[in-house]
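[1] kindly return the folded structure for what I paste below:
(2 chains)
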Amino acid sequence: MLLAFDWTQLAQQIVIGLASGGVWATLAVALVLIYRSTGVVNFAQGEMAMFSTFIAWSLVHHGLSYWAAFALTIAISFLGGAAIERAVIRPVERAPVLTVVMVTLGLFFVVNGAARWLWTPETRSLPNAFSTRPIDVAGVAFSIQDLGTIAVSLGAVFLLWLFFRFTKLGLASRAAAVNPEASRLLGVRVSWMLALGWGLAAALGAVSGMLTAPALASFDQNLMQPVLLYAFAGAVLGGLDSALGAVVGTMLLGVLINLLGTYVDWIGTELRLPVALAVILGVLLFKPTGLFGRVSAWRV
Amino acid sequence: MPDTPLLELEDVTARYGPVAALHGVSLSVGEGEAVAVLGANGAGKTTTLRAVSGTVRRGGSIAFAGQSISRRSPESIARLGIAHVPEGRGTLTELTVHDNLRLGAYVRRDREAVREDERRVLGYFPRLDERVSQRAGTLSGGEQQMLALARALMLRPRLLLLDEPSLGLAPLVVAEIFRIVRELNQQDGLAVLVVEQNAALALEASSRAYVLEVGKVAVEGDSASLRRDESVRKSYLGY
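    Numbers count the residues shown, from 1 in each chain, chains lettered A, B, ... in the order given. You can find the predicted model right below:
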C-alpha cells in the first residue's frame, strides 16, 4: 500500500499548493504592511487588487503585452494606493481603530462598485503570463506557470524586503510605523510614509491579482474575494505583524489546502474556504500571535 | 548675549484639547547658551519643549534663528536643526542601535560626515558602541537615554532640547549624561534648552534658568545666583 504511494503526484500537488500560496502571499504581505503602519486590516485590499487587475486587462485589451501591462499596472496601482491613503485614510488617521476599519469596509464597496461601473459585466480573461508547457525536473513534470507564479510572487516580496531593509526611506517608514511621534522629531514625514505604505501595498496587491487572473478561464469583479480570505488566513497563521510570517503562513496554507483537497475525498474543492476559516479560528484560539508574530506590548 | 537670540519664545500658549498648559511663556536661548527650565510637575516644562518642536497645539510667537517656527510641523522644525530628546526618550525599540542613530541623521545628505559622526557619538558612549547591532528595546533605561542623546546629536543640531534626562536613572548614569551635555555645550558651542526636575543638577549645567509655575515664568535669572537665592530655592525648587 505504502509502496504504491505516488510520490510524483505528491511533489506536483505541493508545487501547485505553493503557487496558490505565493499568490496569496503577495496579498498577505500587503495586508501586513497596512496592519503595521495603519493598525488595521484593510478589508479593501482584495478589491484594490481586483481593480488593478482590471486596469491590466484594459491595457492588454489595448494591445500591450502581458508583461508591459504588468509593469505599468504596478506603477498605476502604487500611485492609486498612495492617493487612497491621502484621500480617505488621512482624514481618519487619529480616529479610533474601529473608524478606520469601517472606512476600509466602505472602501471595499466603493472600489467594487467603481469596477462594476467602469467595466461592464462580460467574460474577461488575461493571457497566460508563462508558457503552459510542463517542465521536467528530476523526472517529475511541473507546470511552468506554477513555478513562474511562485518565482514572481516571492520575487516581489523579496524586492520589498530589500527596500525596507537596506534603504534609508525603508528604514524611515519602519520607524514611522513603530513610533510615529519620535520619528516626526527626527524629521521623518510620517504622514507621507503612510501613503508610501499604502502605495506599496496596492502595488503588491496588483501583482497578486495579475497572477490570479490568468489561471482562470474568465474572471469578474469578485475575482479577489476568496484570495483575500486565504491571504488573511495565511497572514493570521504567520502572525499579522510579520511579513515573513505572512509568506510562510500563506505558503503552508496553500500546500495544506491543496493536499487536503487532493487526498481527502470529502474536502475536494468545495470545502477549501471553510478549511481556511478553520485555520483562522484555530490560530486565534490557540496561538493568537501566529507563528512569527510578536506581542505588540514590549516591556521597556 | 548677541542681539537676536537663537531661540525666542514670546507669550507662548499651548493646550491639550480643552486644557491649557502654557499661559504665555516668554524665554530665550542665545547662540551656544545652555538654559534650564525648572518647576514642579505639571508646571509646563515638557509642554514648553513640545511647543518649540511643534508637537503640541500652540499659540504666540516662536522664532528660531530669526525665523518664525510657530506654525511649522515637527518634521520641518527638525530639519532646521532643532533636536528634541523627548519625554520617554522616543526610542525606536524594534530597530537596532545603529538604525536609531542612522535615523537621527535622516534629514542629512552628507553620507560621509554622517558615518564619521556615528563613530564620534559612539565614542562618547562606549556602552552603546558595544551594543550597536542590538535592538534598542533591549537596552537598559540609562543606555536608552544615552541612545536618545546620541541620536539627537546625529542631526548636528544647532539647538538641543532635552526633556528630563535624569528621570528614573541611577545617579552615576545621570552624572555621565550631564557631563557630556556640558562638554558639548562648552567645547562645541551647542545651544541647549534642558528641562529638569532635579534643579540642583540643571542649575549646575546651565548658565541661565527659568522657573515655571502653572504655565507661566515665575522667576528667571542666571543659574549661579538662582542657586544661591535661598527664597527661590525654598519656594520653587524645593531643596
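[2] those strands in chain B, which residues are they?
    Counting by DSSP state E, chain B has strands at residues B:7-16, B:19-29, B:34-39, B:57-64, B:67-68, B:82-85, B:159-163, B:191-195, B:208-213, B:216-222.
[3] most packed of those?
    strand B:82-85 (a mean of 28; mean count of other Cβ atoms under 10 Å in any protein chain shown). C-betas here are computed from N, CA, C, even on glycine.
[4] who does that strand pair up with?
    strand B:159-163 (parallel) (DSSP bridges).
[5] pull the CA atoms of the partner strand into PDB?
    The C-alpha trace of strand B:159-163 is given here as PDB (Å, rounded to 0.1, in the frame of the first residue of the first chain):
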ATOM      1  CA  LEU B 159      19.800  73.600  19.400                       C
ATOM      2  CA  LEU B 160      19.300  70.600  21.600                       C
ATOM      3  CA  LEU B 161      16.100  70.200  23.600                       C
ATOM      4  CA  LEU B 162      16.400  67.800  26.500                       C
ATOM      5  CA  ASP B 163      13.400  66.600  28.500                       C
END
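[6] tilt between that strand and strand B:57-64?
    With axes from the mean of the first three to the mean of the last three Cα atoms, to 10 degrees applied, the angle from strand B:159-163 to strand B:57-64 works out at 140 degrees.
[7] give me the residues contacting strand B:159-163.
    With contacts defined as Cβ atoms under 8 Å, 6 or more residues apart in numbering or on different chains, strand B:159-163 is touched by B:6-7, B:29, B:45-46, B:49, B:52-53, B:64, B:81-87, B:149, B:152-153, B:181, B:184, B:190-195.
[8] now with 6 Å, please.
    B:6-7, B:46, B:49, B:82-87, B:152, B:190-195 (Cβ atoms under 6 Å, 6 or more residues apart in numbering or on different chains).
[9] picking up where we left off before, dump the strands of chain B into CSV; add mean pLDDT as well.
    Formatted as CSV, the strands of chain B follow (pLDDT from 0 to 100):
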stretch, mean pLDDT
strand B:7-16, 96
strand B:19-29, 95
strand B:34-39, 95
strand B:57-64, 96
strand B:67-68, 96
strand B:82-85, 97
strand B:159-163, 97
strand B:191-195, 97
strand B:208-213, 95
strand B:216-222, 93
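[10] mind listing what whatever residue of chain B ends up closest to chain A touches?
    Nearest residue of chain B to chain A: residue B:90, at 3.1 Å (Cβ to the nearest Cβ). Residue B:90 sits next to residue A:182 when contact means Cβ under 6 Å, 6+ apart.
[11] distance-wise, check it relative to residue B:34.
    21 Å (Cβ to Cβ, to the nearest Å).
[12] ditto for residue B:74
    Taken as Cβ to Cβ, the span from residue B:74 to residue B:34 is 23 Å.
[13] for residue A:253, the count of nearby residues, please.
    Neighbours of residue A:253 under the rule other Cβ atoms under 10 Å in any protein chain shown: 28.
[14] that one sits in which helix or strand?
    If you go by DSSP states H and E, residue A:253 is part of helix A:243-263.
[15] what residues does chain B put near chain A?
    With Cβ under 6 Å from any Cβ of the partner chain as the criterion, chain B comes near chain A at residues B:74-75, B:78-79, B:84, B:90, B:92-94, B:99, B:103, B:106-107, B:137.
[16] pLDDT weak spots in chain B?
    B:1-3, B:239 (pLDDT under 70).
[17] helices of that one, residue ranges please.
    B:45-53, B:74-79, B:97-104, B:111-124, B:126-130, B:141-153, B:171-188, B:199-205, B:223-228, B:230-232 (DSSP state H).
[18] so residue B:53 touches residue B:85, yeah?
    No. Here residue B:53 does not reach residue B:85: they are 10.1 Å apart, not a contact under Cβ atoms under 6 Å.
[19] compute the first-to-last residue distance for stretch B:154-168.
    24 Å (Cα to Cα, to the nearest Å).
[20] show me how far that stretch is from its chain's centre.
    3 Å (Cα atoms, centre = their mean, to the nearest Å).
[21] okay, now the one residue in the stretch 51-200 of chain A that gets nearest to chain B: neighbour count?
    Chain B sits closest to residue A:182 of the stretch 51-200 of chain A, with a gap of 3.1 Å, by Cβ to the nearest Cβ. Using other Cβ under 10 Å, the number of residues around residue A:182 comes to 26.
[22] next SSE after the strand or helix carrying it?
    Assessed by DSSP H and E, residue A:182 sits inside helix A:180-185. Per DSSP H and E, the first helix or strand lying C-terminal to helix A:180-185 is helix A:190-212.
[23] show me what counts as buried in that following helix.
    A:190-212 (16 or more other Cβ atoms under 10 Å in any protein chain shown).
[24] coming back round to it: list the contacts for the residue of the stretch 51-200 of chain A closest to chain B?
    residue B:90.
[25] that one and residue A:234, how far apart?
    Distance from residue A:182 to residue A:234, by Cβ to Cβ: 32 Å.
[26] could you do residue A:88 as well?
    Residue A:88 is 26 Å from residue A:234, by Cβ to Cβ.
[27] what do you get for residue A:5?
    Where residue A:234 is concerned, residue A:5 sits at a distance of 27 Å (Cβ to Cβ).
[28] what's the answer for residue A:96, then?
    Taken as Cβ to Cβ, the span from residue A:96 to residue A:234 is 27 Å.
[29] where exactly do the helices run in chain A?
    Under DSSP H, chain A gives helices at A:7-38, A:45-61, A:66-84, A:97-118, A:144-166, A:168-178, A:180-185, A:190-212, A:225-238, A:243-263, A:272-286.
[30] can you count the residues close to residue A:170?
    Other residues close to residue A:170 by other Cβ under 10 Å number 18.
[31] and the pLDDT for it?
    For residue A:170, the model assigns a pLDDT of 96.
[32] residues near residue B:80, how many?
    16.
[33] identify the residue nearest it in space, chain neighbours excluded?
    Leaving out its chain neighbours, the residue that sits closest to residue B:80 by Cβ to Cβ, 6 or more residues apart in numbering or on different chains is residue B:64, at 6.0 Å.
[34] who touches the closest residue to residue A:86 other than its chain neighbours in this structure?
    Spatial nearest neighbour of residue A:86, chain neighbours left out: residue A:195 (5.6 Å); criterion: Cβ to Cβ, 6+ apart. Residues counted as contacts of residue A:195 (Cβ under 6 Å, 6+ apart) are A:82, A:85, A:86.
[35] most neighbours, which of those?
    Neighbour max across the contacts of residue A:195 (other Cβ under 10 Å) = residue A:85, 24 neighbours.
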